[in-house]
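J.: Here is my input; please provide its structure:
(one chain, ligands or ions: 2)
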Amino acid sequence: MGQVDPAFIQALEHRPKPHPVSAANIPTIDLSPLQLPPGAPSGLVSEIGDACRDWGFFQAINHGVPSKCRREIESASRKFFALPKEEKRKVGRDEENPFGYYDGEHTKNVRDWKEVFDFAVKDPVVVPASHVPDDVEVKELFNKWPENLPELREACEEHINEMETLAFKLLELICLSLGLQKDRLNGFFNDQTSRVRLNYYPPCPAPHLTLGVGRHKDTGVLTILAQDDVAGLEVKRKTDGEWILVKPSPDAYIINVGDIIQVWSNDKYESVEHRVVVNSDKERFSIPYFLYPSHYTWVEPLEELVNEQNPARFKRYNWGKFRATRNRGNFKKLDVENIQISHFRI
Ligand SMILES: O=C(O)CCC(=O)C(=O)O
Ligand SMILES: [Fe+2]
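T.: Ligands and ions are numbered 1, 2, ... in the order given. Presented below is the predicted three-dimensional model:
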């Protein structure tokens, strides 16, 4: 324990189990029916609906993303994190702009054993100037790219294009599975605030005491994650609360529904807790793409999905202000719990 700063040490009940459950796995869904002509019969929509309802997570194969694109961003990410700290800090995150490199993130007030590099899908992206509810001012945020690694920017921009296509296909499938028109949600993304994170989890001398990312739920609409061949992601199984280690599968993407889908669907699809365990000898890389709506979106249960028998379970909240409030907590340790959708529960 002496080797690790106490800021990283998890409370006893949150430490990783020595023998995680890995016999079970999240559902695997073959997306190749998306290549069929429209209207062709397939069980895809109900498979997606079942996975979203029962797990909140699934693994997508035959997703149509070229493996070259995946290899290029993975390789550029490795090169970036291998740079000296001073180089990485040249594109460091600051209180004004949350994009770029950062190695001090806290999840639920415990420091994560990781380094990250964040960038927005739209550059610049428009967000609220502050978390203060009455402040209507907005600001533009620009991505920061390392000058000495131009291939990082190229690979990331290619990745964004591929992920965007996949994200909107998945969103259509999720809409259909909820009985909605397939484009029902598209209007929320006109000024989308989506972002991508490169995660680097260095080997850790005390993996039994720390986490790469503490338990959390993703705040956005959905997340598309590329993980490398080192296991680390654990998903909380809905049936019994057990942490399930997701087995890496080359080329697959791991999809999970975020808090916004939970609210839109009025709890039909829950945003499920997950975390990342680290290990003492292997480094691990992962790349989540977080699909986020326009900052001015008011998130609330969709009117088609509420009625007298099933009234709205959440009050509406403003997405941009929610994120701005959350970003304060990620940047420094706060004395209060981070903002959660549960605070808007009716
Ligand atoms: O690294 C992973 O496998 C997951 C990371 C994650 O959950 C996140 O960044 O929100
Ligand atoms: Fe996450």
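
J.: what does the stretch 51-200 of the chain put close to ligand 1?
T.: Listed as neighbours of ligand 1 in the stretch 51-200 of the chain under the rule CB under 6 Å from any ligand atom: 197, 199. Backbone N, C-alpha and C define where each C-beta goes, glycine included.

J.: what residue ranges in the stretch 51-200 of the chain score low on pLDDT?
T.: Across the stretch 51-200 of the chain, nothing is flagged by pLDDT under 70.

J.: Tell me which residue in it sits closest to ligand 1.
T.: Per CB to the nearest ligand atom, N199 is where the stretch 51-200 of the chain lies closest to ligand 1, at 4.7 Å.

J.: wait, is that residue part of a helix?
T.: No: looking at N199 with DSSP: H, G, I helix; E, B strand; the rest coil, it is strand, so not inside a helix.

J.: Need the nearest residue in space to it, chain neighbours excluded.
T.: S286 (4.5 Å; CB to CB, 6 or more residues apart in numbering).

J.: and what of S32?
T.: Excluding the flanking residues, the one nearest S32 by CB to CB, 6+ apart is N62, at 4.0 Å.

J.: Which phi and psi values does H208 adopt?
T.: phi -80, psi -10 (degrees, to the nearest 10).

J.: show me what contacts it?
T.: Counting by CB atoms under 8 Å, 6 or more residues apart in numbering, H208 touches 15-16, 18.

J.: Look up how far ligand 1 lies from the residue lying farthest from the centre of the chain.
T.: Farthest-out residue of the chain from its mean C-alpha position, per CA atoms, centre = their mean: E308, at 33.1 Å. To ligand 1, E308 is 37 Å away according to CB to the nearest ligand atom, to the nearest Å.

J.: returning to that earlier point: Throw together a ChimeraX command that grabs the buried residues out of the contacts of H208.
T.: Selection of buried members from the contacts of H208 for ChimeraX, criterion 16 or more other CB atoms under 10 Å:
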select :15,16
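
J.: Nearest to ligand 1 among the contacts of H208?
T.: Closest approach between the contacts of H208 and ligand 1, by CB to the nearest ligand atom: P16, at 13.5 Å.

J.: Next one: that closest one from E137, what distance?
T.: Distance, P16 to E137, using CB to CB, to the nearest Å: 42 Å.

J.: got the residues of the stretch 201-346 of the chain near ligand 1?
T.: Near ligand 1, when you scan the stretch 201-346 of the chain using CB under 6 Å from any ligand atom, you find 213, 218, 225, 227, 232-233, 274, 276, 286, 288.

J.: what about stretch 176-185, distance to the chain center?
T.: From the chain centre to the centre of stretch 176-185 is a distance of 22 Å (CA atoms, centre = their mean, to the nearest Å).

J.: Distance from the host helix or strand of E74 to the middle of the chain?
T.: If you go by DSSP states H and E, E74 is part of helix 67-81. How far helix 67-81 lies from its chain's middle: 18 Å, per CA atoms, centre = their mean.

J.: For H19, grab the count of nearby residues.
T.: 7 (other CB atoms under 10 Å).

J.: whoops, I mixed them up, V91
T.: Residue crowding around V91 was assessed by other CB under 10 Å; the count is 21.

J.: correct me, but it touches G100?
T.: Yes: using CB atoms under 8 Å, V91 makes contact with G100 at a distance of 4.4 Å.

J.: Overlap in contacts, the two.
T.: 117, 144.

J.: From Q35, how far out is T223?
T.: Distance from T223 to Q35, by CB to CB: 23 Å.

J.: Of those two, give the one with the bigger neighbour count.
T.: The residue with more neighbours, out of T223 and Q35, is T223; 22 against 9, by other CB under 10 Å.

J.: That one: which element?
T.: Element membership for T223, per DSSP H and E: strand 222-227.

J.: ok, now Q3?
T.: Counting by DSSP H and E, no helix or strand carries Q3.

J.: Ok, T325 next?
T.: Going by DSSP H and E, T325 is in helix 319-331.

J.: again, but for L173
T.: Counting by DSSP H and E, L173 is part of helix 150-177.

J.: Spit out the contact partners of I254.
T.: Contacts here follow CB under 8 Å, 6+ apart; on that basis I254 touches 26, 57-60, 224-227, 233, 246.

J.: could you redo the last one with a cut-off of 6 Å?
T.: Counting by CB atoms under 6 Å, 6 or more residues apart in numbering, I254 makes contact with 59, 225.
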